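Asker: Compute the structure for the input listed below.
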Amino acid sequence: MTITAHTTLDRAGHDKWLIYCPDIAPGTLLHLNIQGTSYALRDFTGALPGTPYNSGDGQPFKALDEHGAPITLTAEFRRAISFEWRIDVLDLGVTLANTRRWREIITRQNDRLGIVQGATASEATGPAQHLAAGRYAPKSCPTCFLELAGDGSCGCS
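Answerer: Down below sits the predicted model:
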């Protein structure tokens, strides 16, 4: 009997998530791509105007520390920046260059989870269903974005 370990890494060794990080973006999920000691955040929704972060076009950026300097290492990012939960997007198969599709995916997830675009950090309450720190959001169908049942089905055809 062969047992294989579940991994969240793709063939290139990347770990990909949508995260809710109210200190950076209280009104939207951000795309987080980790490869080893390096990471990149991306906003595809345009919810970060007037901030030091790239907004809306999917360009990678780094979180900033309390002095405004970029946090360059994954371990430093995880220590310095809190995020409430994450959605695994490894299996979606959408390239980062497809900004329109990522905007659709993230907007639907924001709506589904009650994240209000345009909220400020003081107004952010987080996703209505998933407030525990570090908690995974349930897997959802990449087509209809409904939560998947235990057998992996959602009901859409």
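Asker: elements contacting the helix ranked longest in the chain?
Answerer: Using DSSP state H to define each element, the chain has its longest helix at helix 99-113. Using 3 or more Cβ pairs under 8 Å, 6 or more residues apart in numbering; DSSP states H and E as the contact criterion, the neighbours of helix 99-113 among helices and strands are strand 15-20, strand 29-35. No exception for glycine: its C-beta is placed from N, CA and C like everyone else's.
Asker: at 7 Å instead, please
Answerer: When contacts are defined as 3 or more Cβ pairs under 7 Å, 6 or more residues apart in numbering; DSSP states H and E, helix 99-113 packs onto strand 29-35.
Asker: Now do the longest helix of the chain against strand 15-20, angle only.
Answerer: Helix 99-113 runs at 50 degrees relative to strand 15-20, counting by axes from the mean of the first three to the mean of the last three Cα atoms, to 10 degrees.
Asker: Looks like residue 102 contacts residue 94 (just checking).
Answerer: Yes - counting by Cβ atoms under 7 Å, residue 102 does reach residue 94; the two are 6.3 Å apart.
Asker: Please identify which of those two sits among more neighbours.
Answerer: Shown here are residue 102 and residue 94; by other Cβ atoms under 10 Å, residue 102 has more neighbours (22 against 17).
Asker: Who are the contact partners of that one?
Answerer: 31, 44, 58, 94 (Cβ atoms under 7 Å, 6 or more residues apart in numbering).
Asker: ok, now how distant is the third one from residue 15?
Answerer: When Cβ to Cβ, to the nearest Å is applied, the distance between residue 58 and residue 15 equals 18 Å.
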